[in-house]
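**Student:** Sequence first, then the predicted structure, then my questions.
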Amino acid sequence: MPLRQTMKALRNFHTGPEVLRDAGGPVTRLKFAPSWVMPEIVITTSPQGAHDVLGISDAIVERNTLHHEMRGLIGANLFVVPHDEWLPRRRLLQPLFTKKHVRDYGGPMAEAAESIAASWGTSGEVDLDVQCRRLTLRALGRSVLGLDLDEQADRIAEPLQIMVKYVADRGANPLRPPSWVPTPARRRARAASAELRALAADVLKACRAAPDLDAPLVRALVTATDPATGQGLSDDEIRDELIVFMGAGHDTTATTMAYTLWQLGRHPDLQDRVRAEVDAIGDRQLTPDDIGSLGYTMQVLHEALRLCPPGAMNGRLAMQDIEVDGYRVKAGTFVTVGVYALQRDPRLWDRATEFDPDRFAPELAKRIDRWQYLPFGAGPRTCVGDHFAMLELVLAVATIVQHNEIRSLEAEFPMATPFTTVAAAPIRARVTRRGYTTENDSGSVERPVSASSIDSP
């Protein structure tokens, strides 16, 4: 491939590895400059390659340039620290995010979804991306942080966008100035970092000042200790963890939710199946105890995560020579798994780009290779918040479909990957409150399906 095309593929974290896969196979080696200027890059898009990179100790495949840049902006949190620092931090935080523990955070999630959906009125047009960001921010604030983040949206969303773009641009640029050079982009990124750190510090301060404040995650971080050493977290460490959790709990979850609702808006038959499942529970607010009755909704979300994974690429730095799908990769190589390309590979998935939640039905899901479906990563560095994210997504999607008919107005869901996957344009949809009628564009009356008219599955 020409150099310009190769560089473009490298910068597009989602579709780029697809281009490289189709041009040269499941393992691609790229060398743009001498190793002292920029390390070699190896990108793999095969299940075996994913296993070889993500399934081994992260002391062998460590955090890379992107993580180091992020650490310089938002501190030493679980996402960015190298192995020696990560191990005790993971040991301390993991118990806070088990399936059993995250259910304690689930109370306000369905309530947040209901309140956002109610704000849409009886019928109208909405931007699913914007609305899902409102929802996840509200759920995050009320379920785990103990405060209302609705009026704090600008203090989270915009600074996050500035920082991740800065980090991604530097990570993909082989000729970048040293981090101490005060470029305009770095000044903006540092100002964004200061804003997020101030907000996280305010959250912690409010929690300490009000012992009765319902802020389960903050209080869990305050009281958590490493089971091996008995050591807890300092206030600065708690602040840094809150920043990354606000980012992941807001940005990536919102994109997955918007993509899921967009797909359901394009497939009324699938939307009806979700609604029938929710209606079978009864006319009440959903709770974490209902998750076991929402199996098809869970399948829909797994399929959405397959086609729109939050982390389109998962990168590491090889600290010693390793084997990646039969090829030797030298120490010092930037090695990454193209998750988006892997989860859309037609050689691995039947009808790879078709939205089909039934492929995750229990009897079929057992046949899926563990290493070809990696929406939350895999191996030692699997996302610690995966159970929390799935709980929020299931309750929110089921609640919205319970109360609304959704019809997507966009034929495509454009994606961008400044760092994680986001919607690249507004995702318009028409939403109608169930039990109301509305006129469509041709002037004829449409009546949303009522709960009583849907057969139980």
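**Tutor:** Happy to help now that I have it.
**Student:** Below-threshold pLDDT in the stretch 301-450 of the chain: ranges please.
**Tutor:** 436-450 (pLDDT under 70).
**Student:** can you map out the helices along it?
**Tutor:** 339-343, 362-365, 386-403 (DSSP state H, counting those that start in this stretch).
**Student:** For F79, find the nearest of the ones you listed.
**Tutor:** helix 386-403 (13.3 Å; Cβ to Cβ). For glycine as for every other residue, the C-beta is placed from the backbone atoms N, C-alpha and C.
**Student:** Does anything pack onto that closest one? Which helices or strands?
**Tutor:** The contact analysis (3 or more Cβ pairs under 8 Å, 6 or more residues apart in numbering; DSSP states H and E) places helix 386-403 against helix 99-102, helix 107-118, helix 128-140, helix 253-266, helix 268-281, helix 295-307.
**Student:** Residues touching stretch 219-234, excluding its own?
**Tutor:** The contact list for stretch 219-234, computed with Cβ atoms under 8 Å, 6 or more residues apart in numbering, reads 88, 91-93, 95-96, 101, 204, 207-208, 238, 241-242.
**Student:** Out of the residues you listed, which one has the lowest pLDDT?
**Tutor:** Lowest pLDDT among the contacts of stretch 219-234: H101, with 79.
**Student:** What about that one, how many residues nearby?
**Tutor:** H101 has 16 neighbours, counted by other Cβ atoms under 10 Å.
**Student:** Pretty sure it sits against P95.
**Tutor:** Yes: H101 lies in contact with P95 (Cβ atoms under 8 Å); the separation is 6.6 Å.
**Student:** tell me the most buried of the helices of the stretch 301-450 of the chain?
**Tutor:** helix 339-343 (a mean of 26; mean count of other Cβ atoms under 10 Å).
**Student:** re the thing from before, mind giving me CSV with the contacts of stretch 219-234 and columns for secondary structure and distance to V80?
**Tutor:** Formatted as CSV, the contacts of stretch 219-234 follow (DSSP: H, G, I helix; E, B strand; the rest coil; distance: Cβ to Cβ, whole Å):
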residue, secondary structure, distance to V80
P88, helix, 15
R91, helix, 17
L92, helix, 16
L93, helix, 14
P95, helix, 21
L96, helix, 18
H101, helix, 23
L204, helix, 19
C207, helix, 24
R208, helix, 25
I238, helix, 16
E241, helix, 11
L242, helix, 14
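**Student:** so where's the stretch 101-250 of the chain shaky on pLDDT?
**Tutor:** 107, 146-148, 150-154, 171-175.
**Student:** mind listing the strands for it?
**Tutor:** 123-127 (DSSP state E, counting those that start in this stretch).
**Student:** Nearest residue to A189 in space, please, no chain neighbours.
**Tutor:** Counting by Cβ to Cβ, 6 or more residues apart in numbering, Y166 is the residue found nearest to A189 once chain neighbours are left out, at 3.9 Å.
**Student:** re earlier: turn the helices and strands packed on helix 386-403 into TSV, columns for distance to I162.
**Tutor:** Formatted as TSV, the helices and strands packed on helix 386-403 follow (distance: least, Cβ to Cβ, whole Å):
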stretch	distance to I162
helix 99-102	29
helix 107-118	25
helix 128-140	16
helix 253-266	17
helix 268-281	36
helix 295-307	26
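**Student:** what about those helices, which gets the closest to T287?
**Tutor:** Per Cβ to Cβ, nearest to T287 of these: helix 107-118, 6.9 Å.
**Student:** tilt between the closest one and helix 386-403?
**Tutor:** Here helix 107-118 points in a direction 40 degrees away from that of helix 386-403 (axes from the mean of the first three to the mean of the last three Cα atoms, to 10 degrees).
**Student:** Can you name every helix or strand that helix 107-118 contacts?
**Tutor:** Checking 3+ Cβ pairs under 8 Å, 6+ apart, helix 107-118 ends up next to helix 128-140, helix 386-403.
**Student:** ok, residues contacting it?
**Tutor:** Contacts for helix 107-118 (Cβ under 8 Å, 6+ apart): 131, 134-135, 138-139, 142-143, 285-288, 391-392, 395-396, 398-400, 403-404, 431.
**Student:** Same check on stretch 341-349?
**Tutor:** Contacts for stretch 341-349 (Cβ under 8 Å, 6+ apart): 14-15, 17-18, 21, 45-47, 50, 306-307, 309, 352-353, 359, 369, 372-375.
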